[in-house]
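J.: generate coordinates for the sequence data below:
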Amino acid sequence: MTALPPLTLGIHTVPYPIIQGGMGIRISGANLAAAVANAGGIGIISAVGLGMNSPYFDIDEKSPKKRQEQFFEANRLALIDELKKARALSPNGVIGVNIMVAARDYETLAPTAADHGANLIISGAGLPLGLPGLTAHRPDVALVPIISSVRAAQVVCKKWQRNFNRLPDAFVVENPQSAGGHLGAKAEELGDPAISPEAVIPALVKYLTDTYDSPIPVIAAGGIYSHETLVKALALGASGVQIGTRFIATEECDADPRYKEFHLKASPEDVVLVPSPVGLPGRALRTPFVDRVIAGELPEAKNQCFANCLHVCKFRDKRETYCILRALDRACRGDVENGLVFSGSHVGQGDHLVSVAEVMRELVQGARDEAGSGKVGTLEVAHC
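T.: From the prediction side, this is the model:
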């Protein structure tokens, strides 16, 4: 077993180099984020579709224009509520928000997160080239782009330096060969060794170390589910890891119990690639809905665009695939048969729900054993 180092992003330091992944819709909300923060990691709230199941949104609104306006305002208000709840549950923890560049309300949600207590913003599904400008009034908020190549990191660094005189506080490097959710590569590219973490992480660490005087941590994401896989990522040069799927089957996860149970019963053989209206594949668990999508059926062909939530959407623009907002929302509410259940490739790591503290204990067990303790309790996180 290997002792784990702390992780520092901007002015925020946590005892363990673990960031909980942002999973929407309402899979990772305030309860999960606060529990991870209290156990010594960084908790993340996903801003995707937060307003869907909130008192601010009327799902039966008939007017498309009113429904879209209401949807975006509901997302903003629900994010404020979720951050307030997370901070009440974890007064001293490091809490962040994951916001997709591809979302049409991105430019509203980023400053909202910064203004209402988020310690960091993680941003992917596109390059967040304008993010520093959206949060310039809150310089203590750490900014962390998600990328899958050294080239993408180079573009972000150069644009941020030139336009904002700022560099990222870290990069999350997605491994599309194992990560759950939308992937940063086409299906035919997933077998390419050039996009493996063994290739990308050392190359990115070298580029950042050789080019910039201040350290920019690299966070490995995708395929990390145990102490051993965590240590392997650190050995490649990463300063920390981002873990999503491993936290779903926990008592504190914000999803419906049926969603969690579905994950508990799943095995790696149930993981498939599914087309998505955003134009890239997603990694998900097989469901009747997913089977129909893979077979080329259009399970929602008669539905209209629900909220005009994405900048690019094949369902809205070409009537292809399905409404991903509805599909994710159905699953989160427990209708997994008719929904989309994203998952990493290493699903099936337990047979019953456990606490977040227990998951964290398993992830950091080597460090705790060497320190003479087999327990991870509620930790007060240092801000420095």
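
J.: please enumerate the helices of the protein.
T.: Under the criterion DSSP state H, the chain contains helices at 30-38, 64-89, 106-115, 131-134, 150-164, 197-211, 227-235, 257-265, 288-294, 314-318, 324-332, 356-370.

J.: ok, and what's touching the shortest one?
T.: What that stands for is helix 131-134. With C-beta atoms under 8 Å, 6 or more residues apart in numbering as the test, helix 131-134 has contacts from 107, 110-111, 114, 121, 123, 143, 145, 160, 163-164, 166. For glycine as for every other residue, the C-beta is placed from the backbone atoms N, C-alpha and C.

J.: one more time with 7 Å
T.: The contact list for helix 131-134 (C-beta atoms under 7 Å, 6 or more residues apart in numbering) reads 107, 110-111, 121, 123, 143, 160, 164, 166.

J.: let me see the mean pLDDT of stretch 254-262.
T.: Stretch 254-262 carries an average pLDDT of 96.

J.: for stretch 202-221, the distance to its chain's centre please.
T.: Offset of stretch 202-221 from its chain centre (C-alpha atoms, centre = their mean, to the nearest Å): 21 Å.

J.: what does stretch 45-55 give?
T.: Centre-to-centre, stretch 45-55 and its host chain are 14 Å apart (C-alpha atoms, centre = their mean).

J.: let the chain start at 15 from now.
T.: Renumbered: residue one is now 15, and that last one reads stretch 59-69.

J.: buried residues in that stretch?
T.: Judged by neighbour count using 16 or more other C-beta atoms under 10 Å, the buried positions of stretch 59-69 are 59-68.

J.: which strand residues bridge Ala156?
T.: Ala156 has these beta-bridge partners by DSSP bridges: Leu134.

J.: for this structure, what helix or strand is lowest in average pLDDT?
T.: The helix or strand of the chain with the poorest confidence is helix 370-384; it has a mean of 77 (mean pLDDT, DSSP states H and E).

J.: still on that earlier bit, show me which of the contacts of helix 145-148 is closest to His325.
T.: Nearest to His325 among the contacts of helix 145-148: Glu121, at 11.1 Å, using C-beta to C-beta.

J.: show me what contacts the closest one?
T.: Glu121 makes contact with Leu148, according to C-beta under 7 Å, 6+ apart.

J.: sorry, back to before: what's the ChimeraX line that selects buried ones from the contacts of helix 145-148?
T.: Buried residues among the contacts of helix 145-148 (16+ other C-beta under 10 Å), as a ChimeraX selection:
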select :124,125,135,137,157,174,178,180
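
J.: can you redo the contacts of helix 145-148 as CSV with pLDDT?
T.: CSV is the format used below for the contacts of helix 145-148 (pLDDT from 0 to 100):
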residue, pLDDT
Glu121, 97
Ala124, 98
Pro125, 98
Ile135, 98
Ser137, 97
Leu157, 98
Trp174, 98
Phe178, 98
Arg180, 97
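
J.: low pLDDT regions in the stretch 15-164 of the chain?
T.: Counting by pLDDT under 70, the stretch 15-164 of the chain shows low-confidence ranges at 15-16.

J.: sorry, back to before: closest to Gly236 among the buried residues of stretch 59-69?
T.: Closest approach between the buried residues of stretch 59-69 and Gly236, by C-beta to C-beta: Ser60, at 16.3 Å.

J.: distance to Ala184 for the helices of the chain - can I get that in TSV?
T.: Shown next, in TSV, are the helices of the chain (distance: least, C-beta to C-beta, whole Å):
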stretch	distance to Ala184
helix 44-52	17
helix 78-103	20
helix 120-129	16
helix 145-148	13
helix 164-178	11
helix 211-225	10
helix 241-249	14
helix 271-279	28
helix 302-308	33
helix 328-332	32
helix 338-346	26
helix 370-384	19
